[in-house]
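Participant: I need the structure of the sequence given here:
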Amino acid sequence: MLKPLCLALAMSSVALLAGCETMPKTTAESTENLQLLQNRTWIATQIGNTVIQTSPQARNIPSIQFDEATKRVSGADGCNRIMGSYSVKRDTLQLSQMASTRMACMNNNNIDRDFNDALAKVTHYKTIGKTLQLLDRYGNPVLKFELAVQPR
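Facilitator: This is a model prediction of the structure:
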């Protein structure tokens, strides 16, 4: 009789501790995450598992900005300018009404196509210091960015 009781108590403790581990972010953490996301220029460093190497002199460097006041997203995909709207709650991010210019781009290794394909998968985001990760619905990073260094 004692063994089943101890086993039930141990199982309850494990379930309780596991539940605590997956608690949602606090309001303060969510607010900080949101403040880091918006009103900044983010330069793409990785699409999926592919590292992006761009020259600072290059035009239309893959980048993204989230404007807090207008809830508009803009940037470049490595070839074309992109724009649209976004909504954000805690760690979820929804991009909508995305559009882009249609310039002919040669020799860019399809970065523009891969960038836009990755954007279409975004459902969540995570900011860590000067790094932004856009995640798919499974929590996998589809795009990684670093905060742009502004010249003085």
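Participant: got the contact list for the one residue sitting closest to the centre of the chain?
Facilitator: Relative to the mean C-alpha position of the chain, the nearest C-alpha, by C-alpha atoms, centre = their mean, is the one of L134, at 1.8 Å. For L134, the contacting residues are L93, A118, L119, V122, H124, Y125, P141, V142, L143, K144, F145, by C-beta atoms under 8 Å, 6 or more residues apart in numbering. Heads up, the C-betas are built off the backbone N, CA and C, glycines and all.
Participant: chain neighbours aside, what residue packs nearest to D91?
Facilitator: Nearest residue to D91 in three dimensions, chain neighbours excluded: H124, at 5.3 Å (C-beta to C-beta, 6 or more residues apart in numbering).
Participant: check which element follows whatever helix or strand A118 lives in along the chain.
Facilitator: Using DSSP states H and E, the secondary-structure element containing A118 is helix 111-120. Downstream of helix 111-120, the next assigned helix or strand under DSSP H and E is strand 124-128.
Participant: show me which residues of that next one are buried.
Facilitator: Judged by neighbour count (16 or more other C-beta atoms under 10 Å), strand 124-128 contains these buried residues: H124, Y125, K126, T127.
Participant: and for stretch 74-86?
Facilitator: Going by neighbour count (16+ other C-beta under 10 Å), the buried part of stretch 74-86 is G75, A76, D77, G78, C79, N80, I82, G84, Y86.
Participant: look at the fourth one and report its pLDDT.
Facilitator: Listed pLDDT for G78 reads 91.
Participant: ok so, going back, buried ones among the contacts of L134?
Facilitator: For these, buried by 16+ other C-beta under 10 Å: L93, A118, L119, V122, H124, Y125, P141, V142, L143, K144, F145.
Participant: pLDDT below threshold where in this protein?
Facilitator: 1-29, 56, 150-152 (pLDDT under 70).
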